[in-house]
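Chemist: For reference, the sequence and a predicted model appear below.
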Amino acid sequence: MTAASRTRRRIRRVDELPLRLSAGVVGIALLAVAVLVPSAQDTEAGWVDAEVGGAEFTADTVPTPIASRAPGCVASGGLLGLSPSVTIYWRIPPGGDGYTSEDAEFGQLITGGVLEPLLGGLLGNTTTSGTPEGYTTVVNSGLLTGLLGGSKSFGIRLTGRGDWVSDWLVADASMGLAGVDPRCTVRTVPS
């Protein structure tokens, strides 16, 4: 190596010295700041307010109608099975104060085992009379098409505030051809 090339190298090193020194000083300063500056402290939010509030709520429970006598329903074929009817004897259960037959919804079992509310003209085939201690609902005519030689199910449930509904009181009716051997039983089915 020649003396001239060594001198050039030394000059480069001397020129780079302030740059290296500055980078080192900056690095040490950043490290010192990170170590010496206190970290964020945990705090708890707090406030003072003289107002106090409270609330309470409960879910409405709509009582399920119950049979008012035994048997809870009676199926009848009428003369030669030409005028079948199903009579359901039901009442508002204890604790159902304020509910009446006006709160009742009537339904029939459709394909798939689902009870659907009766709407419009079909309600004309049901009549209800009595008091909350004992109602009599008679289902007849068009709703019983297909009952002869088979079976049908009809339900009664109560409707409450906010569209809440009770479980169904269901009357399962069956009879043979020409209205022979009519039978009817009641049970409760969830809505």
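Modeler: Here it is on my side, so go on.
Chemist: any idea what Val25 is structurally, helix, strand or coil?
Modeler: At Val25 the chain is in helix, as set by DSSP: H, G, I helix; E, B strand; the rest coil.
Chemist: Can you give me the pLDDT of it?
Modeler: With respect to pLDDT, Val25 scores 77.
Chemist: burial count for it?
Modeler: 10 (other Cβ atoms under 10 Å). (C-beta placed from N, C-alpha, C; glycine too.)
Chemist: Leu158 too?
Modeler: Neighbour tally, Leu158, other Cβ under 10 Å: 24.
Chemist: Tell me how far the residue nearest the centre of the chain lies from Phe106.
Modeler: Computing the C-alpha centroid of the chain and ranking residues by Cα atoms, centre = their mean puts Trp164 first, at 10.2 Å. In this structure, Trp164 and Phe106 are 17 Å apart, going by Cβ to Cβ, to the nearest Å.
Chemist: Equivalent analysis for Phe57, please.
Modeler: According to Cβ to Cβ, Phe57 and Phe106 sit 31 Å apart.
Chemist: Neighbour count for the two, which is higher?
Modeler: Taking other Cβ under 10 Å, Phe57 and Phe106 do not tie; Phe106 has more neighbours (22 against 5).
Chemist: give me the element that one is part of.
Modeler: Phe106 is part of strand 104-110, with elements assigned from DSSP states H and E.
Chemist: So which elements touch that strand?
Modeler: strand 114-117, strand 134-140, strand 150-158 (3 or more Cβ pairs under 8 Å, 6 or more residues apart in numbering; DSSP states H and E).
Chemist: Kindly recompute the last result at 6 Å.
Modeler: Packed against strand 104-110 by the contact rule (3 or more Cβ pairs under 6 Å, 6 or more residues apart in numbering; DSSP states H and E) you find strand 114-117, strand 150-158.
Chemist: Just name the most buried of the ones you listed.
Modeler: When the helices and strands packed on strand 104-110 are scored by mean count of other Cβ atoms under 10 Å, the highest mean neighbour count falls to strand 150-158 (a mean of 21).
Chemist: ok, that strand: who's next to it in the sheet?
Modeler: strand 104-110 (antiparallel), strand 168-175 (antiparallel) (DSSP bridges).
Chemist: contact partners of that strand?
Modeler: Identification of contacts with strand 150-158 by Cβ atoms under 6 Å, 6 or more residues apart in numbering yields 62, 65, 90, 99, 103-109, 115, 139, 165-166, 168-174.
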